[in-house]
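>>> Here is my input; please provide its structure:
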Amino acid sequence: MVATLRSRCVFLGAPGAGKGTQAKKVAEGARLAHISTGDMLRAQVAAGTALGLEAKGYMDAGKLVPDQLIIAMVKARIAEPDAAHAWILDGFPRTLAQAEALDKSLSGASALSHVIAFAVPEAVLVGRLSGRRTCGSCGAIWHIESNPTRVAGVCDACGGALVHRSDDRPEAITKRLEVYRSQTAPLLAYYRDRGLLREVDANRPPEVVFQELLQRMR
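This is a model prediction of the structure:
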C-alpha cells in the first residue's frame, strides 16, 4: 500500500505503452478510482442504466458511442464515492475534440490536476504488442518474451487458454499506431500548453515506471 493520492488525471500514450497496467496498479495501491472507458461502458450497459441503454442502442447498430455520451458516463462515474477525490482516466480522451469537451464538463474539484504521458519508442511498442497474449477466461495479460507463462498458451493465473488478439497482429498494430499519431498525439501539445502535462519514460522496468508515477502524481 502506498500513500493515498489526490490526483485527477488522464493517462496518455500509444497502444502498448503500459497505461492500463500501470493505472490499475496505481489505483489499487493509492486508493483512487481507475476509470477505463471501455470497462465503464460495459458496466453501464450491464447495469441497464439510462446511459447504458442509450449507449447499447449505438453499439447494437454498429455505431460509435458519441463523445458526449461517453463524457456523461465519465461525469457519472467520478461522482461515485470511490472517485470523489481522486481518479485516473484511462482510454479517454483520444482526440482533441474529446479533450476540449471533457475540459468543459469538468470544473472545480472535478477538474483535471494533471496528465501523464507515457513515452515509449515505436519499435518497442510493436514488440510489446505483437508478443502480447491475453487470457480468454480471466483477462490476464502475458508476453511470450518478457512475461511468459509456465506452460505456453496456458494462463498461470486461472489455467485458461491464451489468445493472440486480432488487434495485436502486425497489420492491426500498424493501423493502431497510425491512428494514435494522427488523432491522439496532438493532445500532448494541448495539455502542455495548459501546464498539465507530465511525461514519463515508460521504456523501463514496470516497477521503476510505477515508482516514478507515484512521484509525478503528487
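
>>> Output the lowest mean pLDDT helix or strand found in the protein.
helix 37-47 (a mean of 86; mean pLDDT, DSSP states H and E).

>>> pull the CA atoms of it into PDB?
Taking Å, rounded to 0.1, in the frame of the first residue of the first chain, the C-alpha atoms of helix 37-47 are listed here in PDB:
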ATOM      1  CA  THR A  37     -13.800   4.000 -20.500                       C
ATOM      2  CA  GLY A  38     -14.200   0.500 -22.100                       C
ATOM      3  CA  ASP A  39     -14.900  -1.100 -18.700                       C
ATOM      4  CA  MET A  40     -17.100   1.700 -17.700                       C
ATOM      5  CA  LEU A  41     -19.200   1.500 -20.800                       C
ATOM      6  CA  ARG A  42     -19.600  -2.300 -20.400                       C
ATOM      7  CA  ALA A  43     -20.600  -1.800 -16.800                       C
ATOM      8  CA  GLN A  44     -23.200   0.800 -17.600                       C
ATOM      9  CA  VAL A  45     -24.700  -1.400 -20.300                       C
ATOM     10  CA  ALA A  46     -24.700  -4.500 -18.000                       C
ATOM     11  CA  ALA A  47     -26.400  -2.500 -15.200                       C
END
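
>>> Quick check: buried residues in that helix?
37, 40-41, 44-45 (16 or more other Cβ atoms under 10 Å). (Glycine included, C-beta is placed from N, CA and C.)

>>> got it, and stretch 211-218?
212-214, 217.

>>> Can you identify each of the strands in the protein by residue range?
In the chain, the segments counted as strands under DSSP state E are 8-13, 33-36, 87-90, 114-119, 132-135, 141-143, 162-163, 197-201.

>>> Could you save those as CSV and add columns showing distance to residue 71?
Shown next, in CSV, are the strands of the chain (distance: least, Cβ to Cβ, whole Å):
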stretch, distance to residue 71
strand 8-13, 13
strand 33-36, 12
strand 87-90, 11
strand 114-119, 16
strand 132-135, 28
strand 141-143, 28
strand 162-163, 31
strand 197-201, 21
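
>>> Tabulate the ones you listed (a markdown table), appending distance to residue 169 and mean pLDDT.
Listed next are the strands of the chain as a markdown table, based on distance: least, Cβ to Cβ, whole Å; pLDDT from 0 to 100:
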| stretch | distance to residue 169 | mean pLDDT |
| --- | --- | --- |
| strand 8-13 | 20 | 95 |
| strand 33-36 | 22 | 92 |
| strand 87-90 | 23 | 94 |
| strand 114-119 | 22 | 96 |
| strand 132-135 | 10 | 94 |
| strand 141-143 | 15 | 93 |
| strand 162-163 | 11 | 96 |
| strand 197-201 | 27 | 96 |
